[in-house]
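Colleague: Give me a 3D structure for the following:
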Amino acid sequence: MRFDLIDLQLFIAVSDARSITQGAARANMALASASERIKGLEEALGVALLKRGRRGVELTAAGESLLGHARIVIHNVEALQSDLAAYASGVRANVLLLANTSGLSEHLPRALAAFLHEHPDISVDVEERESTDIATAIASGAADLGFAAEHALPDSVERFLFSEDRLMLVAPRRSDLGNRRQIDFQEVVGRDFVGLTATSALQVHISRHAAKLGARLRFRARLRGFDAICQMVAADVGVAVIPETAARRCAASMAITTIRIRDGWANRRLTICARSFKALPRAAKQLVEYLRSEAQR
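Modeller: From the prediction side, this is the model:
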């Protein structure tokens with residue numbers, strides 16, 4: 001039995017689009033050719049992969065299984081191409097790291113800078129994702145390495161603790177919350193907020209927990225960095241929810257107060273995760289070992 005990489009890429013595109021027509025378009029392939037390839041794949045495997053209907057297609061159990069394996073195969077091929085391209089450009093290896101907002105802005109930059117200084121032959125691409133999306137990408141084999149909140153990870157994903165990350169409420173120092181030390185999120189969901197951009201992984205996380213309380217947060221301003229957010233809070237534009245490390249750093253120089261959020265979701269264990277640390281490419285293993293040593297300091 002032989003698998004054509006083009007067939008696997010097409011099958012992934014069709015599965016993601018839930019449509020042969022749209023999948024063919026994503027794969028830059030004529031519809032007739034795409035249909036023939038899918039049919040040929042099913043005949044070669046001796047099993048139906050798709051349930052075809054008027055509104056598109058659904059995966060069979062066999063199709064779901066093939067999709068998981070296909071993602072891993074294509075991911076590994078892309079990693080191979082990337083590694084070889086890196087040799088040609090003079091950089092020996094490249095590591096893709098998916099990280100949530102807190103990791104990207106507060107916990108990783110210093111450690112990554114030190115690692116890259118010690119390993120000039122390795123480059124690191126960091127992409128911001130929500131922890132749940134990181135967990136899905138790692139579990140499916142779409143990415144090698146992640147930095148995510150532990151609660152989002154399935155048992156099948158390996159991990160180790162990198163840092164604790166508590167989310168805090170920050171409020172103007174002279175506001176009615178100025179003397180509070182702890183608070184329930186329910187008490188503040190009706191206030192004006194200052195937050196990150198709508199696509200930020202952390203902001204999506206916070207908004208989802210507000211929605212569970214039946215609330216939709218009202219944002220007076222959205223910005224890209226925690227320092228800018230805290231400046232807005234200090235100017236009494238609204239309150240904000242940010243990581244404790246950023247909150248305490250900003251509180252040292254701005255007229256804001258930091259308040260512990262009592263809700264369980266605000267206390268997060270941030271982890272480095274992978275499907276299998278042993279199966280990682282050499283460069284990724286080196287990064288993992290460096291981050292592990294940093295976590296133990």
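Colleague: what are the phi and psi values for the residue nearest the centre of the chain?
Modeller: Taking C-alpha atoms, centre = their mean, the centroid of the chain lies closest to Arg129, which sits 2.5 Å from it. The phi/psi pair for Arg129 (degrees, to the nearest 10) reads phi -140, psi 160.
Colleague: Tell me if Arg180 really is in a strand.
Modeller: No - Arg180: not assigned to a strand; according to DSSP: H, G, I helix; E, B strand; the rest coil it is coil.
Colleague: pLDDT value on it, please?
Modeller: Predicted confidence (pLDDT) for Arg180: 95.
Colleague: which one is it nearest to, not counting chain neighbours?
Modeller: Ile259 (5.0 Å; C-beta to C-beta, 6 or more residues apart in numbering). C-beta: built from backbone N, CA, C; applies to glycine.
Colleague: Count the residues that sit near the one you found.
Modeller: 22 (other C-beta atoms under 10 Å).
Colleague: roughly how far apart are it and Thr245?
Modeller: From Ile259 over to Thr245 the distance is 15 Å, taken as C-beta to C-beta, to the nearest Å.
Colleague: Can I get stretch 233-249 as PDB, trimmed to CA atoms?
Modeller: C-alpha atoms of stretch 233-249 as PDB (Å, rounded to 0.1, in the frame of the first residue of the first chain):
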ATOM      1  CA  VAL A 233      -6.100  51.400  34.100                       C
ATOM      2  CA  ALA A 234      -4.000  54.000  36.100                       C
ATOM      3  CA  ALA A 235      -5.900  56.700  34.100                       C
ATOM      4  CA  ASP A 236      -9.200  55.300  35.400                       C
ATOM      5  CA  VAL A 237     -10.400  54.100  32.000                       C
ATOM      6  CA  GLY A 238     -11.400  50.700  33.400                       C
ATOM      7  CA  VAL A 239     -10.100  47.500  35.100                       C
ATOM      8  CA  ALA A 240      -8.200  44.700  33.600                       C
ATOM      9  CA  VAL A 241      -7.200  41.000  34.000                       C
ATOM     10  CA  ILE A 242      -3.500  40.300  33.400                       C
ATOM     11  CA  PRO A 243      -0.800  37.900  34.600                       C
ATOM     12  CA  GLU A 244       0.500  38.500  38.100                       C
ATOM     13  CA  THR A 245       4.100  39.000  36.900                       C
ATOM     14  CA  ALA A 246       3.000  41.900  34.600                       C
ATOM     15  CA  ALA A 247       0.600  43.300  37.200                       C
ATOM     16  CA  ARG A 248       3.300  43.500  40.000                       C
ATOM     17  CA  ARG A 249       5.800  44.900  37.600                       C
END
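Colleague: How about the contacts made by Glu244?
Modeller: The contact partners of Glu244, taken as C-beta atoms under 8 Å, 6 or more residues apart in numbering, are Asp165, Arg166, Leu167, Met168, Thr258.
Colleague: OK, contacts around Asn94?
Modeller: Contacts of Asn94 were listed using C-beta under 8 Å, 6+ apart, and they are Ser82, Asp83, Ala86, Ile122, Ser123, Val124, Asp125, Ala283.
Colleague: how about it, phi and psi?
Modeller: The phi and psi values for Asn94, taken as degrees, to the nearest 10, are phi -130, psi 140.
Colleague: Contacts for the helix or strand hosting the residue nearest to Arg180, please.
Modeller: Assigned by DSSP states H and E, Ile259 belongs to strand 256-261. Here strand 256-261 makes contact (C-beta under 8 Å, 6+ apart) with 166-173, 175, 177-178, 180-185, 230, 233-234, 241, 244, 247-248, 250-251, 266.
Colleague: and those, which are buried?
Modeller: For those, a burial check counting by 16 or more other C-beta atoms under 10 Å picks out 167-173, 175, 177, 180, 183, 185, 230, 233-234, 241, 244, 247, 250-251, 266.
Colleague: Just the ones of these in strands?
Modeller: If you go by DSSP state E, the buried ones among the contacts of strand 256-261 have Leu167, Met168, Leu169, Val170, Ala171, Pro172, Ile183, Val241 in strands.
Colleague: starting at the chain centroid, how far to the strand holding Ile259?
Modeller: Distance of strand 256-261 from the chain centroid (C-alpha atoms, centre = their mean, to the nearest Å) equals 26 Å.
Colleague: Neighbouring strands - and their directions - for it?
Modeller: As defined by DSSP bridges, the strand partners of strand 256-261 come to strand 158-172 (antiparallel), strand 182-183 (parallel).
Colleague: So which of the ones you listed is nearest Leu98?
Modeller: strand 158-172 (13.1 Å; C-beta to C-beta).
Colleague: Would you mind giving the domain segments of this structure?
Modeller: Domains of the chain are assigned by the TED database as 3-60, 73-161+267-293, 164-266.
Colleague: Show me the strands in the chain, by range?
Modeller: Under DSSP E, the chain gives strands at 50-53, 56-59, 93-99, 122-128, 145-149, 158-172, 182-183, 192-196, 218-223, 240-243, 256-261, 267-274.
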